[in-house]
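In: how would this look folded up:
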Amino acid sequence: MKRNLLLISNSTNAGEKYLGWCKDMIAEFCKENNVKDVLFIPYAGFAQGYDKYEEKVANVYAEYGIKLHSIHHEENPIDAVMKAECIAVGGGNTFYLVREMQRTGIMKAIREKAFLGMPYMGWSAGSNVAGLSLKTTNDMPIVEPESFDTMGLVPFQINPHYTDFVDPKHGGETRDDRINEFIAANQDTNVAAIREATALRLKEGKLSLVGRDNKMKVFRFGKETMEYSLTDDINFLMK
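Out: Presented below is the predicted three-dimensional model:
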């Protein structure tokens, strides 16, 4: 039960700076774990360029005295993971992220370190890969990873950026429709759909919803879809 996770839904909240809404949450997470140096995994944000992505995130972390450097500079990515005191996985395209994590071999290395208690934080795609697979990502499959399996740091699926808003002019599937398709095809797997400005925190074996006052929705096959607030017990998801 050593896993120490902060799984954030979104990096940018409407009208706020990049990582602005969750900056204090990240700072507290680092302080609790005495983190001074973070290894950043930028693969999901490949379209903007790794150097640019690293700079953007590093500038935020520097505000609270944390050094952040990106794995794309490392000659031996697996070795870099094994030496890291903390890892942050950024958002972007989950398919690209998973392909690169599998290609470089860091998927297994991060999982091993995280189960030993290394602090792990991610947002959007970085939260997706903490679940069992990427099957509940919202992203387009722009590349093909070797498998959909991810790290399984938590025993359920995560759907970041969840919204139940329905555009009256849209005639296609809703987010709920798509997640219900997933649980119909994967009946033993629960889905935690986390809305903007919220995160999942796993600490000392206890899972909680943190952030702003916005509810999480949980989808379970054969059971009523339920919403859970910041004060509700959600540890059934860990069973």
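
In: I'd assumed residue 39 was in a strand, is it?
Out: Yes: using DSSP: H, G, I helix; E, B strand; the rest coil, the assignment for residue 39 is a strand.

In: for the residue of the chain most remote from its centre, give me phi and psi.
Out: Distance from the centre of the chain peaks at residue 169, with 30.6 Å (Cα atoms, centre = their mean). Here is the backbone geometry of residue 169 (degrees, to the nearest 10): phi -90, psi 0.

In: any idea how far it lies from residue 179?
Out: Applying Cβ to Cβ, to the nearest Å, the value for residue 169 to residue 179 is 22 Å. No exception for glycine: its C-beta is placed from N, CA and C like everyone else's.

In: the helix or strand containing residue 24 relative to strand 37-41, how many degrees between them?
Out: Assessed by DSSP states H and E, residue 24 sits inside helix 23-32. Counting by axes from the mean of the first three to the mean of the last three Cα atoms, to 10 degrees, helix 23-32 points 120 degrees away from the direction of strand 37-41.

In: from the chain's centroid, how far away is helix 23-32?
Out: 16 Å (Cα atoms, centre = their mean, to the nearest Å).

In: now what about that helix, what contacts it?
Out: The contact list for helix 23-32 (Cβ atoms under 8 Å, 6 or more residues apart in numbering) reads 6, 8, 19, 35-36, 38, 60-61, 63-64, 66, 86, 119, 121, 199, 210-211.

In: show me just the buried residues among those.
Out: Using 16 or more other Cβ atoms under 10 Å as the burial test, the contacts of helix 23-32 include 6, 8, 19, 35, 38, 60-61, 66, 86, 119, 121, 199, 210-211 as buried.

In: pLDDT weak spots in the chain?
Out: Where the chain drops to pLDDT under 70, the residues are 1.

In: quick check: longest helix of it.
Out: helix 50-62 (DSSP state H).

In: list the buried ones in the helix or strand encompassing residue 184?
Out: Per DSSP H and E: residue 184 is located in helix 175-185. For helix 175-185, the neighbour count (16+ other Cβ under 10 Å) marks 175-176, 179-180, 182-183 as buried.

In: same thing with stretch 154-170?
Out: Taking 16+ other Cβ under 10 Å as the criterion, stretch 154-170 shows 154, 156-162 as buried.

In: appreciated, that's everything.
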